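Asks: just coords:
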Ligand code: PEP
């Protein structure tokens, strides 16, 4: 059984003390559910202390990024090798890194490979900008981001990857104020699975975890998770508020319970 994945991306927010307060509240307010895997992605600075504070029955950790070389003269960087054992996952190719920090398709590819090499599952973020959508380029953009990022992996390695469809125009930091519409999410996620199917076969296309992110709040959870082939959510802004994040997890659990009863 695939567990539904909910990944809170805290972005560049919360110092060590603030992060500790949030974790304290999350430990208290989020319940353990067998069908849901909750992942926190704090800043690199706070990963280590948070790893000691989280209730490990409820939470796993993700890095928001790391460097693609394992060790050496790269002042200021932290490698996936250094994160081994500390995190299960790492976001790779988030649009804020692609757009604000100039991460190219090739850099994202090298980071995906470095994560896998170090036993960390990459959460590969893909998605089109507003201009690209308006120009009818959504499918091409997703195709290019996906195929380049996975280029150096074996099919067994691709199994470890999680794909996050995050339409840039719907992300709060890029001016989004609500998630993409269900039919937009559905068609992008179908397209992602279609590309994986062409490259690696139907089995992997079905089994690969594909999640949705951008402006997720509890009110949208049922609508999104009920879509076929959506295996989880990646809230950003809402994950900084323990009430909202706990509501998202609770709404996801209710949705899964309901689906189980109906099907
Ligand atoms: C994100 O940037 O990963 C994200 C989903 O942000 P938000 O929920 O704030 O749109």
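Replies: Yep, that arrived. Remember, predicted model here, so these are calculated numbers, not experimental data.
Asks: Next up, the contacts around the residue nearest to residue 10 when sequence neighbours are not counted.
Replies: Nearest residue to residue 10 in three dimensions, chain neighbours excluded: residue 42, at 4.9 Å (Cβ to Cβ, 6 or more residues apart in numbering). Any C-beta I mention is one placed from the backbone N, CA and C, and that applies to glycine too. Residue 42 makes contact with 10, 14, 19, 50, 61, 64, according to Cβ atoms under 8 Å, 6 or more residues apart in numbering.
Asks: one more time with 6 Å
Replies: 10, 19, 50 (Cβ atoms under 6 Å, 6 or more residues apart in numbering).
Asks: A strand includes residue 230, no?
Replies: No - Residue 230 sits outside any strand when classified using DSSP: H, G, I helix; E, B strand; the rest coil, being coil.
Asks: what's the burial count for the residue of the chain found nearest the ligand?
Replies: Across the chain, the shortest distance to the ligand (Cβ to the nearest ligand atom) belongs to residue 236, at 2.2 Å. A count of neighbours around residue 236, defined by other Cβ atoms under 10 Å, yields 24.
Asks: Correct me if wrong: it contacts residue 10.
Replies: No - using Cβ atoms under 6 Å, residue 236 is not in contact with residue 10, being 8.0 Å away.
Asks: Please enumerate the strands of the stretch 151-263 of the chain.
Replies: Ranges of strands in the stretch 151-263 of the chain, per DSSP state E, counting those that start in this stretch, are 162-165, 209-213, 232-234.
Asks: Of these, flag the one that's most buried.
Replies: strand 232-234 (a mean of 27; mean count of other Cβ atoms under 10 Å).
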